[in-house]
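**Q** 3D, please:
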Amino acid sequence: MTTELTQPTAMVPAPAPRPAAPARNRRRPRKRPIWDEEPSRIGSAGKAVALAAVVLVVIFPLYTVVLTSFSTQAHTIETGGLVVIPGDLTAQAYVQIISGGVVTRAVLVSVGITAVGTVLSTVVSIMAAFGLSKPNSFGHRTILFVFLITMFFGAGMIPTYLLVSNLGLINSYWALILPTAVSAFNVLILRNFFMGIEPGILEAARIDGAGEWRILGQIVLPMSGAVIAVVALFYGVGYFNAFFNAMLYINDNEKWPLQLVLRSYVLQGANLPGGPSATDTRATGTVAGMPVKMAVMVLALVPILIVYPFVQRHFTKGVIFGAIKG
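**A** Just a heads-up that it's a prediction; the model follows:
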């Protein structure tokens, strides 16, 4: 009988435990930024109250203006001016100012000046910005420096008036367009946007034989719809709301734009030509005073309220993107 001798197996020592990492080296769970956290009920309620207050502050004056324009003269006298609670409603103020011809002609003048001026200013600004977006173009630095100077320094009212007078533009609609045709700020917005376009796209078009006009019309402009819409909105609102140039250069009352009529009639209290006075409203059945003034204000707001919703969606994208790419 044989016995097998087995050698005892060697015991493998267990690995020593790792020392604990210092407390400062341990990763702590990162807290999410405050704008990524779920809003609390108190925060949501506070935002709702704040937004409601802002909307009320914006809507209430517009509501009183519109309601006063549809009120009778007697009701506005009873309420002491602006109407808050509806009473006797009538559209006689709108019928009166439209049939009188003064406000209607002023609306047509303002719309025409705004349309022509916006198209002209936008086209000139696009061409200037496209040329300045090329760093190696002729006179790039000098022309850009001249544009920047105009943002901080102006010739003044008297030299500008003498220039307009020597050009024969007094009492002309072009006097309301040409002196403010180009804004250096809008040109810089367009320039910064054009400089942000991928250079490889433009270079590929040049290799394929496209000229600068074709590149601008078929490549750059389709890619710049947002910023062009914003710049056109800036120009349009500026032309429609301008009255100071008309007050300086337009001597014929029949050529007054709507804002100058609004200033003369609403702010200064002048009577519209052919409009009734406060003493003969009872005999003629027409209205005067506050309802007519508010009706003129409503007509001045309508064109901007119609155009702005179509451009508003491009506003933030166009301005911010153009500013970041500078």
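**Q** helix, strand or coil for Lys134?
**A** What DSSP: H, G, I helix; E, B strand; the rest coil gives for Lys134 is coil.
**Q** what sits against it?
**A** The contact partners of Lys134, taken as C-beta atoms under 8 Å, 6 or more residues apart in numbering, are His140. For every residue, glycine as well, the C-beta is placed using N, CA and C.
**Q** how about low-confidence regions in the stretch 1-150 of the chain?
**A** Scanning the stretch 1-150 of the chain for pLDDT under 70 picks out 1-37, 100.
**Q** could you pull out the helices for it?
**A** 41-69, 73-79, 92-100, 102-132, 140-152 (DSSP state H, counting those that start in this stretch).
**Q** export these to CSV and tack on distance to Ile158 and mean neighbour count?
**A** What follows is the helices of the stretch 1-150 of the chain, written out as CSV (distance: least, C-beta to C-beta, whole Å; neighbours: other C-beta atoms under 10 Å):
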stretch, distance to Ile158, mean neighbour count
helix 41-69, 37, 12
helix 73-79, 42, 17
helix 92-100, 36, 19
helix 102-132, 23, 19
helix 140-152, 17, 12
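**Q** closest to Leu190 out of these?
**A** Of all the helices of the stretch 1-150 of the chain, helix 102-132 sits nearest to Leu190, with 3.4 Å by C-beta to C-beta.
**Q** which strands and helices lie in contact with that closest one?
**A** Using 3 or more C-beta pairs under 8 Å, 6 or more residues apart in numbering; DSSP states H and E, the elements in contact with helix 102-132 are helix 92-100, helix 140-152, helix 184-195, helix 225-241, helix 258-262, helix 290-324.
**Q** to Val58, which of those lies closest?
**A** Using C-beta to C-beta, the nearest of those to Val58 is helix 290-324, at 12.5 Å.
**Q** average model confidence for that closest one?
**A** The average pLDDT for helix 290-324 rounds to 72.
**Q** circling back to that earlier point, distance to Phe243 for the helices of the stretch 1-150 of the chain - can I get that in CSV?
**A** Output for the helices of the stretch 1-150 of the chain, formatted as CSV (distance: least, C-beta to C-beta, whole Å):
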stretch, distance to Phe243
helix 41-69, 19
helix 73-79, 25
helix 92-100, 18
helix 102-132, 10
helix 140-152, 22
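**Q** out of these, which comes closest to Leu167?
**A** Nearest to Leu167 among those is helix 102-132 (16.0 Å), distances taken as C-beta to C-beta.
**Q** okay, the angle between that closest one and helix 225-241?
**A** Between the axes of helix 102-132 and helix 225-241, defined by axes from the mean of the first three to the mean of the last three C-alpha atoms, to 10 degrees, the angle is 140 degrees.
**Q** the inter-axis angle of helix 102-132 versus helix 92-100?
**A** Going by the same axes, to 10 degrees, helix 102-132 makes 80 degrees with helix 92-100.
**Q** what's the closest of the helices of the stretch 1-150 of the chain to Val307?
**A** helix 102-132 (9.2 Å).
**Q** and the closest one with helix 184-195, angle?
**A** 50 degrees.
**Q** for Leu260, give its distance to Gly80.
**A** Taking C-beta to C-beta, to the nearest Å as the measure, Leu260 falls 28 Å from Gly80.
**Q** and what of Ala48?
**A** From Ala48 to Gly80 the distance is 33 Å (C-beta to C-beta).
**Q** now swap in Pro291 and tell me
**A** Distance from Pro291 to Gly80, counting by C-beta to C-beta: 14 Å.
**Q** more crowded one of those two?
**A** A side-by-side neighbour count of Pro291 and Gly80, using other C-beta atoms under 10 Å, places Pro291 first with 27 against 8.
**Q** OK, contacts around the more buried one?
**A** For Pro291, the contacting residues are 68-73, 76, 92-93, by C-beta under 8 Å, 6+ apart.
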